[in-house]
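just coords:
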């Protein structure tokens, strides 16, 4: 910065005095704005997260840290925060997100003077997907003419399970028959 002073009286404005030059001390970065959930990925369970640059406050930015909370079954619940990215880029591609799960994201910035406050949180619920494969069925009873089986539901992936389909075939045959 440069400063100078001039004196004014009823006759007018006098000449400027000597100039003072100084450099202010750097400070930790300013807070980053809330991350933007830029797009759902091309694959289920993926998401692209982006954020704007933080103000360096006189020192170059060194890195950003992105944290994720979730998944939780629905918005309003909380989960621990986990660091999912640390680096110089202002974007991150999240993968392995559970369909129907709700997630929160927040980011901060670091320079030589310290770490900024956390950004406001950005929330997203991952869209539902077709159910996942269940574990193999179990034979609970059998005879020469009948069989009883039971099974556990597979992952619902964000939608209620509304039914099951059971298929059967004889060993060596190619064609499956739907029996339930």
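Perfect, I can see it now. Everything quoted here is computed from the prediction, not taken from an experiment.

how close does residue 83 sit to residue 65?
Distance from residue 83 to residue 65, counting by Cβ to Cβ, to the nearest Å: 6 Å. All C-beta atoms are positioned from the backbone trio N, CA, C, and that covers glycine.

ok, and for the strand or helix carrying residue 68, which residues are buried?
Under the criterion of DSSP states H and E, residue 68 resides in strand 61-72. Buried residues in strand 61-72, defined by neighbour count with 16 or more other Cβ atoms under 10 Å: 61, 64, 65, 66, 67, 68, 69, 70, 71, 72.

Show me which of those is closest to residue 89.
Residue 89 lies nearest to residue 64 out of the buried residues of strand 61-72, by Cβ to Cβ, at 7.4 Å.

Let's have the buried residues of strand 61-72 in TSV, adding pLDDT and distance to residue 112.
What follows is these, written out as TSV (pLDDT from 0 to 100; distance: Cβ to Cβ, whole Å):
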residue	pLDDT	distance to residue 112
61	95	10
64	98	15
65	98	16
66	98	21
67	97	22
68	96	27
69	94	29
70	89	32
71	87	36
72	82	36
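
Taking those residues together, which two end up most distant?
61 and 72 (31.3 Å).

Next up, the contacts around the most centrally placed residue in the chain.
The centroid of the chain falls nearest to residue 105 when counting by Cα atoms, centre = their mean (4.5 Å). Neighbour list for residue 105: 35, 37, 49, 66, 67, 68, 69, 121, 122, 123, 124 [criterion: Cβ atoms under 8 Å, 6 or more residues apart in numbering].

what's the answer for residue 78, then?
By Cβ under 8 Å, 6+ apart, the contact set of residue 78 is 69, 72.
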